[in-house]
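# quick one, what's the 3D model for this:
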Amino acid sequence: MEEQRSLPSVVERMWGREPVNRRGPRPRLDLATITTAAIELADADGLAGVSMANVASRVGVAATALYRYVDSKEDLLTAMADAVAPPPPEPGESAWREYLALWTRQQRDALLEHPWLLSVSMLVPPLGPRRLLWLDRALAVLEGTGLDHGERVNVASALTGYALTDAAVVRGSGGPPVAGSEISGAEEYGEVLADLVDPAGYPALSAAMRAGAMRGAVGWVQDEDFTFGLDLLLDGIEALIRRRATT
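Numbers count the residues shown, from 1 in each chain. Now for the predicted structure:
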């Protein structure tokens, strides 16, 4: 008989599997209340503002009271990342490529709406019901393409990684100047690289920068830049599907 793997208590609570104690007074807190308070702090002050003490103060309890619901700040981040996830788009009658383009774009937009997620998403795998619903919808739309289960998971992971990377680049390009300089966008960055790199040591990069490769990609935030990279990924997925069809 296969032994059942125990889950972290916060994951059990996220899925509503917490045992109900019917004796004694009703608890003042629940995971949703704690998570909402932590998200409000993160939206206002970034993850630096999310401490057990700050969250406890916001909900009006002692910090020790939180540990009944979350064992650590890492558990709290896991709950936060799931709670802030919006519902994924529903596939409907969409073709897989059309749907996954929208799916990836909406993931990127959700990350930009809550920038602190950029740090959390790189550390916390999806374990809650909201984030796993995104994975389920991506796998579902790839049914019938000829890709096996592992390949479908890899497709979803690659697109999620692209959404995360693009959101980080967009966020960074709109942030403070690089290393205290006056660099504030892609074109300025390209000009700095053109002066910085030695054509002898970096011939391809030097030629690209001197040819103005970064010109027009101002700040890496234009929709054309996102679509270009996304199309590269979707073209690769489409090529893989064709290969599977012929084999």
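
# just checking, what packs against the helix or strand of the chain with the lowest mean pLDDT?
Taking mean pLDDT, DSSP states H and E as the measure, the helices and strands of the chain show their lowest mean at helix 186-196, namely a mean of 77. Contacts defined by 3 or more Cβ pairs under 8 Å, 6 or more residues apart in numbering; DSSP states H and E place helix 186-196 against helix 203-210. Glycine gets a C-beta too; all of them are placed from N, C-alpha and C.

# between the helix it packs on and helix 186-196, how many degrees?
130 degrees (axes from the mean of the first three to the mean of the last three Cα atoms, to 10 degrees).

# outside of the next helix or strand after helix 203-210, which residues touch it?
Next helix or strand after helix 203-210 toward the C-terminus (DSSP states H and E): helix 223-246. Defining contact as Cβ atoms under 8 Å, 6 or more residues apart in numbering, one finds that helix 223-246 is touched by 97, 100-101, 104-105, 108, 145-147, 151, 155, 158-159, 162, 166, 217.

# ok, 7 Å please
Contact partners of helix 223-246, identified using Cβ atoms under 7 Å, 6 or more residues apart in numbering, comprise 97, 100-101, 104, 108, 145-147, 155, 158-159, 162, 166, 217.

# kindly report the same for stretch 29-36.
So stretch 29-36 is contacted by R13, V55, V59, V61, A65, L66, Y69, V70, A79, M80, A83 (Cβ under 7 Å, 6+ apart).

# neighbours of the last one, just the number please.
Other residues within reach of A83 by the criterion other Cβ atoms under 10 Å amount to 19.

# now for the closest residue to P129 other than its chain neighbours, how many residues are close by?
Using Cβ to Cβ, 6 or more residues apart in numbering and skipping the chain neighbours, the partner closest in space to P129 is W15 (6.0 Å). Under the neighbour criterion other Cβ under 10 Å, W15 is assigned a count of 14.

# so where's this protein uncertain?
Within the chain, the stretches falling below the threshold (pLDDT under 70) are 1-5, 18-27, 122-123, 173-187, 215-222.

# which residues of it fall in helices?
9-14, 31-45, 52-59, 63-66, 73-83, 96-113, 117-121, 129-141, 149-173, 186-196, 203-210, 223-246 (DSSP state H).

# closest one to P89 among those?
With Cβ to Cβ as the measure, helix 96-113 is the member of the helices of the chain nearest P89 (5.3 Å).

# go ahead and confirm A140 touches P91.
Yes. If you go by Cβ atoms under 7 Å, A140 and P91 touch, sitting 6.3 Å apart.

# in terms of neighbours, single out the busier of the two.
Shown here are A140 and P91; by other Cβ under 10 Å, P91 has more neighbours (19 against 14).

# and that one, what is it in contact with?
Y99, R137, A140, V141.

# could I have the CA atoms of stretch 31-47 written out in CSV?
Extracted in CSV, the C-alpha atoms of stretch 31-47 (Å, rounded to 0.1, in the frame of the first residue of the first chain):
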residue,chain,number,x,y,z
LEU,A,31,-5.7,31.9,7.0
ALA,A,32,-7.6,34.1,4.5
THR,A,33,-7.7,37.0,6.9
ILE,A,34,-3.9,36.7,7.6
THR,A,35,-3.1,36.3,4.0
THR,A,36,-5.2,39.4,3.0
ALA,A,37,-3.4,41.5,5.6
ALA,A,38,0.0,40.2,4.3
ILE,A,39,-0.9,41.0,0.7
GLU,A,40,-1.9,44.5,1.6
LEU,A,41,1.4,45.1,3.3
ALA,A,42,3.3,43.6,0.3
ASP,A,43,1.4,45.8,-2.1
ALA,A,44,2.2,48.9,0.0
ASP,A,45,5.8,48.3,1.1
GLY,A,46,7.1,45.2,-0.8
LEU,A,47,8.1,42.0,0.8
